[in-house]
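Engineer: below are the sequence and a predicted model for it; my questions follow.
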Amino acid sequence: MQLKGIIDHIIFRNNENAYTVLSLNADDGGDYVCVGTLPELDPGESVAFEGEIKDTKKYGLQFSVTSYSIAPLDDEASILRYLSSKTIKGIGPGLAQRIVSRFGADSFRIIEEEPERLAEIKGISLKKAIAISESFEKKAGSRQALSFLSQYDISPGLGQKIYEKYKDRIYEIIRTNPYKLIEDIDGVGFITADRIASGAGIEAGSEYRIRSAILYVLSDHLSSGSMCMSEKELTARAGELLGLPEGSVIDQLGTLVVERKIIRESYDGEVLVYAENAYYAEVETAKLLMDLNIPEEADEERVSEDIRHLELQTGISLEDSQREAVINAILNPVCVITGGPGTGKTTITNLMIRYFKSKGYDITLAAPTGRAAKRMTEATGYEARTIHRLLGAGAVVDGRQLSGFEKDADNPLETDVLILDEMSMVDTFVFRSLLRALVPGVKLILVGDADQLPSVGPGAVLKDIIASDAFTVTRLTRIYRQSEASAIVRNAHSVIEGKSIDLEVKSEDFFFLKRDDAERIIQGIIYLAGSRLPDHLGCDRLDIQVMTPMRKGMLGVENLNLRLQEALNPPGPRKGEIETPNGILRTGDKVMQTKNDYDMKWQLTNSRGMVTETGTGIFNGDIGRVLSVSTGACYVRFDDGREAEYSREAVSELELAYAITIHKSQGSEYRALILPLLTGPRMLMNRNLLYTAITRAKDMVCIIGSDKAVDDMIRNESEEKRYTGLNRRIQEIRDMGSGG
């Protein structure tokens, strides 16, 4: 249906995506709430909307706009209505009447082209006239730009972001090099820019187009975990994307090298290409790490004696490899302790803390995620913080909020020892930021499981550090008595060793339910997560985590979350709801943050509701529960106790987390997990993925699906290769230092 009328007022507008809620005085005499992705409209404007009326549970009847047109303001009545709406700064209803009375239908032209004539009207000084003209031009410029961009199928939301960045330069950029948008505008990728370029008549062989495609392919590869890629693969993929011969791509590679936007180097008979930021992140990480690794004098015999005394005091009896790990950590400025579940990493960490405390050292504990930090705190009795919180992400300094980290080379961390847990999930860029905040003399102890999946972010830092052979590494392989009875631990080690596990054996903490149909698997998940496991373990439903290898498909994250929300947290009269780009969130839902938001404010409260700490920064992978939903806001409490208020704009950063991908589970531990396995891409359904999933459970693992899928994953050693160079950069620095 179509609605015509006058905009009464704007109820809400999200400038990020142009989602708008407004009140319309329609020509049919009714007042309507209209919603949709719209350009920046003002009260008093005459519009025609096409769409349909929808009855929403939370907001009642709304007119959902699918297309629109805006009537020109070219008669006295519409001009008066527009100026009277207070849209133009400095003009109210009374002054609007006087302007229109004097200039009539020519009022807009006077304001824009001859603003000094406004001073002819009582109450308008020359200074005010200029201010009115500037306000009017800003509105007119935005409207004109959005109209221009709409020719290229650019949404009002994206168009507004482009206009805010370029202002009047927008026309030149779109017509000559729209690929510049990729560098400057968040949310514009190569595909979007290429579509705009095609509409603007840019030639397929344009050098701008080819260079942008090369950088896009490199960026895409970075997002998949690699720091670089082979030149051969890069030229092939870019050529395919462009629909051009590979020779055209090779010609522009040289230009990008000269511009220092890419770095090209030969290694082991292969030419590798880095984006500039990735290359220098790797180089700097290697240098900073080696700067810390300065040998120091130590009395190994005395340290060994101190450890024996601590064992007697604590009643802890270390096995030889455990004692070696503790001694190595004390004697070396940088060291690695790696091992699977049940091999004693927590015991070792606790003894190291006791040793350093006894010597008067300042100790800092950190982990990559909130869940991992919470686990570390519970296991040691000492506060552990996420790397982001430790470095002061989003801190306010001198009244100004930082866009990066507060702690860096100029403002380093004040500590003697840093113990970093779950090191396998730390990516190159985060690790570099951490190293920047450490000064030589700080002891760095990296603890993790090298057999876990690599970090979600780019790089394979832990594996590269171990492979460099430049640091002392202690590998823990023995499973200790307290863990020998755990089927979770036994089966995890069997998986990583490539040995089949007997799925017919049902133990107290590990069992398998055979199901060969996706719908039956989903019904089984709902039963297990909704009642069976919470009742058996005496825990909350949200302590049960469903984990799956993929996002798409019936057993992917997206579908499972919808089904689990429907079953475990259906709508109710006391449950608030909020609509987001990722679906509906309601009170009680389990949710996950999907991007790093350094600006998001949070607070910690005690049992009496008093605020004990405040800060900023909620990060990708943080999981929590929706406490409440109010008009335009959503309140979430995360696993580590932080509470944050999400505005209507910010809720787009949240998604349901009843089910998550196994990659997203890294660094976390759950009371119980449910793992649906039926079919999936070979590159995903591999040994590492299964091992990582199993090791995330504390009390219970339930695999539901096909025994063949489990066996296939155990046999499948293939992993997507990550191209990284941290290993060899560390070796190069070491060899230079030793004169090699």
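Structural biologist: All right, it came through fine.
Engineer: residues contacting Arg102?
Structural biologist: Glu120, Ile121 (Cβ atoms under 8 Å, 6 or more residues apart in numbering). (C-beta placed from N, C-alpha, C; glycine too.)
Engineer: which SSE is it in?
Structural biologist: If you go by DSSP states H and E, Arg102 is part of helix 93-103.
Engineer: could I get the buried residue list for that helix?
Structural biologist: Neighbour-count burial for helix 93-103 flags Leu95, Ala96, Ile99, Val100, Phe103 (criterion: 16 or more other Cβ atoms under 10 Å).
Engineer: and the strands in the stretch 451-600 of the chain?
Structural biologist: Applying DSSP state E, counting those that start in this stretch to the stretch 451-600 of the chain gives strands spanning 472-476, 510-514, 544-548, 577-580, 583-586, 590-593, 597-605.
Engineer: what's the answer for the stretch 51-200 of the chain, then?
Structural biologist: Using DSSP E, counting those that start in this stretch, strands in the stretch 51-200 of the chain cover 60-70.
Engineer: report the central residue of this protein.
Structural biologist: Centroid-nearest residue in the chain, with Cα atoms, centre = their mean: Lys595, separated by 2.4 Å.
Engineer: from Gly44, how far out is that one?
Structural biologist: Lys595 sits 37 Å away from Gly44, taking Cβ to Cβ, to the nearest Å as the criterion.
Engineer: could you check how far the longest helix along the chain is from the centre of its chain?
Structural biologist: In the chain, taking DSSP state H as the definition, the longest helix is helix 126-150. Helix 126-150 has its C-alpha centroid displaced from the chain centroid by 36 Å (Cα atoms, centre = their mean, to the nearest Å).
Engineer: got the contact list for it?
Structural biologist: Contacts of helix 126-150 (Cβ under 8 Å, 6+ apart): 39-40, 42, 87-91, 108, 111-112, 115-119, 124, 156, 158-160, 162-163, 167-168, 170-171, 174.
Engineer: now intersect those residues with the helices, please.
Structural biologist: Under the assignment DSSP H, these contribute Phe108, Ile111, Glu112, Pro156, Leu158, Gly159, Gln160, Ile162, Tyr163, Ile170, Tyr171, Ile174 to helices.
Engineer: now the residues you listed: which count as buried?
Structural biologist: The neighbour count (16+ other Cβ under 10 Å) marks Phe108, Ile111, Pro156, Leu158, Gly159, Gln160, Ile162, Tyr163, Ile170, Ile174 as buried among the ones in helices among the contacts of helix 126-150.
Engineer: the fourth one and Gly187 touch, don't they?
Structural biologist: It refers to Leu158. Yes - the pair Leu158 / Gly187 is scored as a contact, 6.2 Å apart, by Cβ atoms under 8 Å.
Engineer: show the pLDDT at the residue nearest to Leu38 when sequence neighbours are not counted.
Structural biologist: Nearest residue to Leu38 in three dimensions, chain neighbours excluded: Thr20, at 4.4 Å (Cβ to Cβ, 6 or more residues apart in numbering). Note on Thr20: pLDDT of 86.
Engineer: use 405 as the first number for this chain going forward.
Structural biologist: Fine by me, first position is 405 from now on; the one you just mentioned is Thr424.
Engineer: Thr424 belongs to a strand, doesn't it?
Structural biologist: Yes - assigned with DSSP: H, G, I helix; E, B strand; the rest coil, Thr424 falls within a strand.
Engineer: count the residues that sit near it.
Structural biologist: Using other Cβ atoms under 10 Å, Thr424 is surrounded by 22 other residues.
Engineer: which strand residues bridge it?
Structural biologist: Assessed by DSSP bridges, Thr424 has beta-bridge partners Arg417, Gly440.
Engineer: do the same with the one 5 residues further on
Structural biologist: Each beta-bridge partner of Asn429 is listed here: Ile410, Asp435, as defined by DSSP bridges.
Engineer: correct me, but it touches Pro447?
Structural biologist: No - taking contacts as Cβ under 8 Å, Asn429 lies outside contact range of Pro447: 9.9 Å.
Engineer: check contacts around the residue nearest to Met405 when sequence neighbours are not counted.
Structural biologist: Among residues not flanking Met405 along the chain, Glu456 sits closest, at 6.4 Å (Cβ to Cβ, 6+ apart). When contacts are counted by Cβ under 8 Å, 6+ apart, Glu456 is found next to Met405, Phe467, Ser468, Thr470.
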